[in-house]
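Trainee: Got a sequence here, can you build the structure:
(one chain, ligands or ions: 1)
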Amino acid sequence: MPCRRGAILGFFLLFFCAPLNAQTPPANAIASAHPLATQAGMEILAAGGNAFDAAIAVTAALAVVEPTGSGLGGGGFWLLHRSKDKRDIMIDGRERAPLAATRDMYLDGHGEVVPRLSVDGPLAAGIPGTAAALEHLARAYGRLPLATSLAPAIHLAKAGFPADERYIRMARFRLEALRRSPAAAAIFLQNGNAPQPGHVIRQPGLARTLEAIAERGAAGFYQGPVAKQLVKGVREAGGIWTLEDLAQYRVVERAPVTGRYHGMKIISAAPPSSGGIALVTMLNILANYDLDAMTSVTRKHVIVEAMRRAYRDRAEYLGDPDFVDIPIDRLIHPYYGAGLSQSIRLDRATPSGSLPGFVLQEAGSDTTHFSILDREGNRVAATLSINFPFGAAFVPPGTGVLLNDEMDDFSVKPGTPNVYGLVGAVSNAIAPGKRPLSSMSPTFVEIPGRGVAILGTPGGSRIITMVLLGILDLAAGHGPQSWVTKGRYHHQYLPDIITYEPGALEPDEITALKTLGHDLKARKRPYGNMQAIFWDLKLNHVSAASDPRGTGQATVSP
Ligand code: DON
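Mentor: Predicted structure coming up:
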């Protein structure tokens, strides 16, 4: 140890070893989309677990009590910060295309997209990653046995949870598809209909599958009786999964994408999510402006133009990095952002059609995010998905596992419009074993001497712009309650339109943006369900917030 002896060494100690004794948070915090999931995580922290054990508990509890959004039948990205060595890691537990998948599997004999084929039923499902991620989190980062961290979720699956207003709305939305899967209908509906408020959803089959994972780790899901039931159920209903698909599934640890904005360090999701790259590109563009000195209209105009340009690149370049070469270093370079900013006119919108062509496919309308900070300074930001509400609305009998429809995140027909009238790029075409491009953007922001933020949200293609607006709000000095509450607006290159939440733009701003040449459309409903934490280093205070649009819970506890 060089820092042990003498006055000079004492001086050295003060200045060079201080980071080793870095500050730790005064409290634990968890923000998730369901109170029972937040409580499950808190229970595990109280039992001596760290943030990673709590992430296992929250992931598994959400799989039970928020089945519309994520689950064992889906996947996601777990962004981790381990305080002891300051390491940032992204666990990529994204679904993979089955080995029998083909580029044109959702097209008919005339090359036309077959409606709903990539959305409803077992053919829409990629090979899930969540169970593998749970085991990996426990083995590589947790402190407690997997069985301990899974116990609260197993209890919730057996005891049941009451259907709330949001669950019932989603069940109505996916009613027809759920009715077509008898095993799904038996669990998630009440006599074949959307449940009555307070109806208790019990999931003994899911409890057994969770118990198999508790006993045998990932092998309890990807091998043995559960794997056989999954494959049998999928194939009998027209799907293409094989035992080999399940046996081959592995999570991948990837280096997060990082960038800087006004002295803040941004740490976010790497491909196969587009989130980190698009976020850093947008911030690199915006770094060329003094947003605070602008009128609110010019500021929003410039932010929208940054969104437009980053989403164009997303559509052209991004896909599974194990299959396509992505020019990441170029896309996240500050000079590239500066170059893009040169094409922005302050007096006029740039029509998307005048930028070099490419288009994005829209994503679904469910998914979930949670954020965790523990007292050691470990962090987790996790965005998890089965894609649409209730995923593919299909449960292989006996498993209790609701399958994803993440295959719809691929460009089902590259180069021509998909089921939404939009087209995607070749880089995101279907291939066996490939991961579909995602927008999920679990993110950390570190501001030296000021604080650390953990945030993310569901919301399909709008996820990235929501996280951007959250970061800009943080840069403006606001806290998590403001980031999760503030009105949202969005541009994704194509369609060439600004969409916004009711009330997010003032009437005179709308008029002024139209005068600049923008098209605008108000969305009928608010969107997103952001879960955020801020550790204020100056005040040594932790705060957390759950999006008022959802029914989640943020808890800070010493
Ligand atoms: O990975 C993605 O980008 C999508 N499957 C996420 C879908 C989503 O967030 C829907 N949310 N409301």
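Trainee: CA atoms for contacts and neighbours, from now on please.
Mentor: Will do.
Trainee: which other residues reach the lengthiest helix in the chain?
Mentor: Using DSSP state H to define each element, the chain has its longest helix at helix 296-317. Residues from elsewhere that reach helix 296-317 (CA atoms under 8 Å, 6 or more residues apart in numbering): 274, 278-279, 281-283, 285-286, 291, 326-327, 340-341, 344, 346, 349-350, 352, 357-360, 424-427, 465, 490-494, 498, 509, 512-513.
Trainee: Select from those every entry located in helices.
Mentor: Those of the contacts of helix 296-317 mapping onto helices are 278-279, 281-283, 285-286, 340-341, 465, 509, 512-513, per DSSP H.
Trainee: Serialize these to TSV and add fields for neighbour count, pLDDT and distance to residue 126.
Mentor: Listed next are the ones in helices among the contacts of helix 296-317 as TSV, based on neighbours: other CA atoms under 10 Å; pLDDT from 0 to 100; distance: CA to CA, whole Å:
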residue	neighbour count	pLDDT	distance to residue 126
278	30	98	24
279	30	98	26
281	27	98	29
282	28	98	30
283	26	98	32
285	27	98	35
286	24	98	36
340	20	97	35
341	21	98	38
465	27	97	26
509	16	98	43
512	15	98	44
513	22	98	41
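Trainee: Put together JSON lines for those, with distance to residue 87 on each row.
Mentor: Shown next, in JSON lines, are those (distance: CA to CA, whole Å):
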{"residue": "278", "distance to residue 87": "22"}
{"residue": "279", "distance to residue 87": "21"}
{"residue": "281", "distance to residue 87": "23"}
{"residue": "282", "distance to residue 87": "25"}
{"residue": "283", "distance to residue 87": "23"}
{"residue": "285", "distance to residue 87": "27"}
{"residue": "286", "distance to residue 87": "28"}
{"residue": "340", "distance to residue 87": "32"}
{"residue": "341", "distance to residue 87": "32"}
{"residue": "465", "distance to residue 87": "26"}
{"residue": "509", "distance to residue 87": "43"}
{"residue": "512", "distance to residue 87": "45"}
{"residue": "513", "distance to residue 87": "43"}
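Trainee: Among these, which one lies nearest to residue 546?
Mentor: The closest of the ones in helices among the contacts of helix 296-317 to residue 546 turns out to be residue 465 (CA to CA; 17.8 Å).
Trainee: can you count the residues close to the spatially closest residue to the closest one that is not a sequence neighbour?
Mentor: Nearest non-adjacent residue to residue 465, counting by CA to CA, 6 or more residues apart in numbering: residue 490, 6.1 Å away. Using other CA atoms under 10 Å, the number of residues around residue 490 comes to 22.
Trainee: ditto for the one 3 residues further on
Mentor: Other residues within reach of residue 493 by the criterion other CA under 10 Å amount to 29.
Trainee: what about it, distance to the ligand?
Mentor: Distance of residue 493 to the ligand, given as CA to the nearest ligand atom, to the nearest Å: 16 Å.
Trainee: For that residue, which non-adjacent residue is spatially closest?
Mentor: In space, and not counting its chain neighbours, residue 493 is closest to residue 308: 4.2 Å by CA to CA, 6+ apart.
Trainee: again, but for residue 521
Mentor: residue 499 (4.9 Å).
Trainee: For that neighbour, give the beta-bridge partners.
Mentor: Beta-bridge partners for residue 499, by DSSP bridges, are residue 490, residue 521.
Trainee: check whether stretch 124-134 contacts the ligand.
Mentor: No: contact of stretch 124-134 with the ligand (CA under 6 Å from any ligand atom) is absent, the minimum separation being 11.1 Å.
Trainee: what comes into contact with that stretch?
Mentor: Here stretch 124-134 makes contact (CA under 8 Å, 6+ apart) with 56, 71-76, 91-98, 117-118, 146, 213, 217-218, 221, 241, 245-246, 249-251, 392, 403-408.
Trainee: so of those, which ones are in strands?
Mentor: Among the contacts of stretch 124-134, the members falling in strands (DSSP state E) are 75, 76, 91, 92, 93.
Trainee: So what sits opposite the last one in the bridge?
Mentor: It stands for residue 93. Bridge pairing for residue 93 - DSSP bridges - gives residue 76.
Trainee: That one and residue 254 touch, don't they?
Mentor: No: the criterion here is CA atoms under 8 Å, and residue 93 misses it with residue 254 at 10.5 Å.
Trainee: Compare neighbour counts for those two and give me the winner.
Mentor: Using other CA under 10 Å as the criterion, residue 93 and residue 254 rank with residue 93 on top: 26 against 16.
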